[in-house]
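1. this one's structure only:
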Ligand SMILES: [Zn+2]
């Protein structure tokens, strides 16, 4: 028996034709996929987007320093 899966964004049941092969999986639609992507972007990538590669490298260094070279 196949258990129906629900979209993690809108909790709608996924349409039967939507399988793991779907580009939207595990979301019910592109819309929900984009919403999920947007939530993600909120946290991190929105900021990264405004950075130059040099700034990003600098941030990366800072994080490494505080993590690995502490003490
Ligand atoms: Zn959905």
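-> Perfect, thanks for sending it. Nothing here was measured: the structure is a model prediction, and the numbers come from that model. Numbering: from 1, shown residues only.
2. now the closest residue to residue 8 other than its chain neighbours: phi and psi?
-> Using Cβ to Cβ, 6 or more residues apart in numbering and skipping the chain neighbours, the partner closest in space to residue 8 is residue 26 (6.4 Å). For glycine as for every other residue, the C-beta is placed from the backbone atoms N, C-alpha and C. Phi and psi for residue 26, reported as degrees, to the nearest 10, are phi -90, psi 30.
3. so residue 26 sits against residue 5, correct?
-> Yes: here residue 26 reaches residue 5: they are 6.5 Å apart, a contact under Cβ atoms under 8 Å.
4. show me whatever sits in contact with both of the two.
-> residue 14 (Cβ atoms under 8 Å, 6 or more residues apart in numbering).
5. circling back to that earlier point, who touches the residue nearest to residue 8 in this structure?
-> 5, 7-8, 14, 20.
6. quick one: low-confidence parts of the chain?
-> 1-3, 41-51, 65-71 (pLDDT under 70).
7. quick one, which of the contacts of residue 26 are buried?
-> Those of these that meet the buried threshold are 7, 14, by 16 or more other Cβ atoms under 10 Å.
8. from the contacts of residue 26, pick the one nearest residue 53.
-> Of all the contacts of residue 26, residue 53 sits closest to residue 8, with 32.7 Å by Cβ to Cβ.
9. for the ion, what are the nearby residues on this protein?
-> Residues of the chain lying near the ion by Cβ under 5 Å from the ion: 7, 9-10, 28, 32.
10. one step back: can I get the contacts of residue 26 in TSV with distance to residue 58?
-> Listed next are the contacts of residue 26 as TSV, based on distance: Cβ to Cβ, whole Å:
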residue	distance to residue 58
5	42
7	39
8	35
14	42
20	39
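11. which one of the contacts of residue 26 is nearest to the ion?
-> residue 7 (3.1 Å; Cβ to the ion).
12. isn't that closest one up against residue 25?
-> No: Residue 7 is not in contact with residue 25 according to Cβ under 8 Å; the separation is 9.7 Å.
13. thanks a lot, catch you later.
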